[in-house]
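# Give me coordinates for this.
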Amino acid sequence: MGFGEAISSGFSHYVKFDGRAPRSEFWYWTLFGFILSVIANVVDAILGIPAISAIVSLGLLLPGISMGIRRLHDIDRTGWWLLLVLTLIGSILLIVWACFKGTTGTNTYGPDPLAGR
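Numbers count the residues shown, from 1 in each chain. Now for the predicted structure:
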């Protein structure tokens, strides 16, 4: 999955918390969010008010949560594990899990999103 396709998928599954997201989709979405945040912070620094970065953060909150849950589903873990992000050690564990290859074939959360590739 390429960068544009991952961003399109992230927005088309804006609040879809079921299904699976492969590694490429998750990491491209993370890169997109990081780049957008940097641009928003630069614009905020130029304007002198933190309005743009707040709007970007709010706009990416739900699709980011959705993407994280679907990534956990891809490695056959429940989305509730995403609550680990509230702790430092849990955040490290989630980053490690996000690097794992997804379950091959169908798992509890649906068919393999990369099966046709």
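
# Find the residue closest to the residue nearest to the spatial centre of the chain in space, skipping its chain neighbours.
By Cα atoms, centre = their mean, the chain has its centre lying nearest to Met67, at 3.6 Å. Nearest residue to Met67, sequence neighbours excluded (Cβ to Cβ, 6 or more residues apart in numbering): Trp29, at 5.0 Å. The way it works is simple: take the backbone N, C-alpha and C, and place the C-beta from them, glycine included.

# For Val43, see how far away the one you found is.
Per Cβ to Cβ, to the nearest Å, Trp29 is found 21 Å from Val43.

# Give me the contact list for the helix or strand bottoming out on mean pLDDT in the chain.
Least confident helix or strand, the chain: helix 3-12 with a mean of 88, by mean pLDDT, DSSP states H and E. Contacts to helix 3-12, defined as Cβ atoms under 8 Å, 6 or more residues apart in numbering, come from residues Met1, Ala21, Ser24, Glu25, Tyr28, Trp29, Leu31, Phe32, Pro63, Ser66, Met67.

# The first one and Trp29 touch, don't they?
Right, the one you point to is Met1. No. Met1 lies out of contact with Trp29 (Cβ atoms under 8 Å); the separation is 10.1 Å.

# neighbour count winner among the two?
Between Met1 and Trp29, counted using other Cβ atoms under 10 Å, the more crowded position is Trp29 (25 against 18).
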